[in-house]
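Asks: sequence-free structure coming up:
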Ligand SMILES: [Zn+2]
């Protein structure tokens, strides 16, 4: 019998069996049994058969590991086991006294299991008769979202258990640090931490997208329905391991004596450290120190009573089990309540939700507004107005909502963006992860566009700040960028309170002077395809020295020419071309050109090149400055002199420019022996540079 005539049911079963074995060897044991080619061949054959005979597809088919393109929603599902959070302690002394008190309460000798508190997404996997039927997020502990299709793409989750049991398994889905850094580089909106990226991934609509992210899971608790033979937690763990789950092997068992602990671990054939109670404090100290070297993020340790009968006796409070406690590491984070969520309309029409939180001190400054980026980000956080959240400062500066700690009691649901633009009531449209107001005349867009255009890092128009712009918009005198150059400021403002003769003259002078700004600055100020300074430099540097050069590329839809420029990828090229082809942008460019702005890079460059005296130095900049505000201005000075800049202090960092309010980076730099430079010293370094330069021949070339 040749394969074509084989009974499809039999062939599907055989292939499924084989592929399951291969997948396990590959993903769980990290020991591939066959070549990728052979694997793909079998896999394709299985998919082909399943497509031809959908009714024969097995419920635990290995083909589900790659996900599907079917849109899946995430219906709410009630949990059938208690999914409570843990009581917390912030000092190891608190934990040891909790252990002593707990023992006293039940008047019996106890053992405790200590596990790492994975900083990931809490998930419950429900198995019926050994088959994975549902994967549900923790949600509010009572109700979570059904994310089964997406979780099935995680290779280390068994779709079928070796026993036909009904069991609910709790675990933490996470993304290892290295994979996070790699993936985050390519994100439209980078995530604050691996946990948020993992949570965002679990909520992707297409499970095929989820399959591309190397999510992992460690399980740490099992709830069997009906009778089970287990008397302690470690035997639950070893049983889960025997079912094929991945477990974090970094656990410790604490007993009265070390030998007792060792014996118990051996009996359960479980890896882990065997320790005595006397070792507890040093274990916590050691583990806290090792934390940064782990390949994944943890935010504390979990201590659980090992004896299951005692767990029953102790029971639960309304919120927490009485038989476990979380020891939380200290972190530069704070808790606050989300009082409201507003939406802002950006210059490109992009709608950004912003959380208004009760003011709270984090890392040295008070935070009251936090960007929430877009709807998927809010969905990932499961954030509602009234929720208590944990916030941190990303890169020491930008505050971010890390997670919801406690759901609001008013029953507010996850917050959703409005359907209409809050500024002009135009129906909003969704493009990718973001939502936009498509109306170019939208008042909020106009205002953001003008403020951006005139801003310090763009056209840098003197005396033309946000208040002046707002006043002029309110007077109905500014509708688009070109109006800045056509407006009769005397006529417009002479009767307006707060605008004296002097101020009006300053505005006029500032506007006139800005006409001399270089082409690359004009390019950045227009915000075409969100071109920043670096992209503008790249474009001009590669010979595209006028707007006509760029318009020609846009007319021909010539992505290729753009992508031959190093560091410009297809995505940026597409954005740039679409931006240039926007009819409103074309009109704006034509008008501004007529009005005398620079649309061609001058032959002689605007600033002569500086001696590369920062060459082979790597600088990190932190804190705030008097002369460099925003601090990207300091970064520019460093880069102009051939220095590299990074956003964090690492072993490669040679200098840290520390302004006021410098926090963890300063500490890190001190620890690593990085040279620390204050603003005053930095200014001297720059000036020394300028004097040297005068005596040197100015080179006609620009280095990019
Ligand atoms: Zn609008």
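Replies: Received the coordinates, thanks. Bear in mind that the values here come from a model prediction, so they are computed numbers and not experimental data. Numbering: from 1, shown residues only.

Asks: you'd agree residue 304 is in a strand?
Replies: Yes. Assigned with DSSP: H, G, I helix; E, B strand; the rest coil, residue 304 falls within a strand.

Asks: Which residue comes closest to it once chain neighbours are left out?
Replies: Excluding the flanking residues, the one nearest residue 304 by CB to CB, 6 or more residues apart in numbering is residue 324, at 4.3 Å. Where you see a C-beta, it was placed from the backbone N, CA and C, and this is true even at glycine.

Asks: tell me which parts of the chain are close to the ion?
Replies: 421, 423-424, 426, 437, 439, 442 (CB under 5 Å from the ion).

Asks: hmm, 8 Å instead?
Replies: Residues of the chain lying close to the ion (CB under 8 Å from the ion) are 345, 349, 421-426, 437, 439, 442-445.

Asks: So which of these are in helices?
Replies: Cross-referencing those against helices under DSSP state H gives 443-445.

Asks: Kindly reformat those as a markdown table containing pLDDT and neighbour count.
Replies: Below are these laid out as a markdown table (pLDDT from 0 to 100; neighbours: other CB atoms under 10 Å):
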| residue | pLDDT | neighbour count |
| --- | --- | --- |
| 443 | 90 | 15 |
| 444 | 92 | 21 |
| 445 | 92 | 24 |
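
Asks: Among the residues you listed, which one lies nearest to residue 276?
Replies: The shortest gap between residue 276 and any of these belongs to residue 444, at 64.2 Å (CB to CB).

Asks: out of everything not next to it in sequence, what's closest to the residue in the stretch 501-650 of the chain that the ion sits nearest to?
Replies: The nearest approach of the stretch 501-650 of the chain to the ion comes at residue 584, 13.5 Å away (CB to the ion). The shortest distance from residue 584 to any residue other than its chain neighbours is 4.4 Å, reached at residue 440 (CB to CB, 6+ apart).

Asks: number of nearby residues for the one you found?
Replies: 17 (other CB atoms under 10 Å).

Asks: which residues touch the one residue sitting closest to the centre of the chain?
Replies: With distances taken as CA atoms, centre = their mean, the residue of the chain nearest its centroid is residue 191 (0.8 Å). Residue 191 sits next to 180, 184, 197, 200 when contact means CB atoms under 8 Å, 6 or more residues apart in numbering.

Asks: picking up where we left off before, export the ones in helices among the residues of the chain next to the ion as a markdown table, with columns for distance to residue 387.
Replies: Formatted as a markdown table, those follow (distance: CB to CB, whole Å):
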| residue | distance to residue 387 |
| --- | --- |
| 443 | 31 |
| 444 | 26 |
| 445 | 30 |
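
Asks: Residue 500: which of those residues is nearest?
Replies: Among these, and counting by CB to CB, the member closest to residue 500 is residue 443, at 27.2 Å.

Asks: Can you check the pLDDT for the nearest residue to the closest one once chain neighbours are set aside?
Replies: Nearest in space to residue 443, with sequence neighbours left out and distances taken as CB to CB, 6+ apart, is residue 423 at 5.2 Å. The model reports residue 423 with a pLDDT of 92.

Asks: mind listing what residue 423 touches?
Replies: 345, 437, 442-445.

Asks: now swap in residue 176 and tell me
Replies: Neighbours of residue 176 in contact, by CB under 8 Å, 6+ apart: 194, 214, 216, 295-296.

Asks: Please report how far it lies from the ion.
Replies: To the ion, residue 176 is 41 Å away according to CB to the ion, to the nearest Å.

Asks: Please apply the same query to residue 117.
Replies: With CB to the ion as the criterion, residue 117 and the ion are 44 Å apart.

Asks: Quick one: neighbours of the residue lying closest to that residue once chain neighbours are set aside, just the number.
Replies: Nearest residue to residue 117, sequence neighbours excluded (CB to CB, 6+ apart): residue 300, at 4.0 Å. Residue 300 is flanked by 24 other residues according to other CB under 10 Å.

Asks: what do you get for the one 10 residues further on?
Replies: Residue neighbour count, defined by other CB under 10 Å, stands at 19 for residue 310.

Asks: can you pull the contacts of it?
Replies: Contacts for residue 310 (CB under 8 Å, 6+ apart) come out as 106, 108, 110, 323.

Asks: Most neighbours of all these, which one?
Replies: Busiest of the contacts of residue 310 [other CB under 10 Å] is residue 323, holding 24 neighbours.

Asks: shouldn't it be in contact with residue 305?
Replies: Yes. Here residue 323 reaches residue 305: they are 4.1 Å apart, a contact under CB atoms under 8 Å.

Asks: How about the secondary structure of residue 404?
Replies: Residue 404 is classified as strand under three-state DSSP.

Asks: What is the neighbour count of the residue nearest to it when sequence neighbours are not counted?
Replies: Excluding its sequence neighbours, the residue lying closest to residue 404 (CB to CB, 6+ apart) is residue 387, at 4.8 Å. By the measure other CB under 10 Å, the count of residues near residue 387 is 24.

Asks: how about low-confidence regions in this structure?
Replies: Across the chain, the ranges flagged by pLDDT under 70 are 1-5, 26-32, 37, 66-73, 188-189, 330-332, 363-364, 394-397, 603-610, 689-704.
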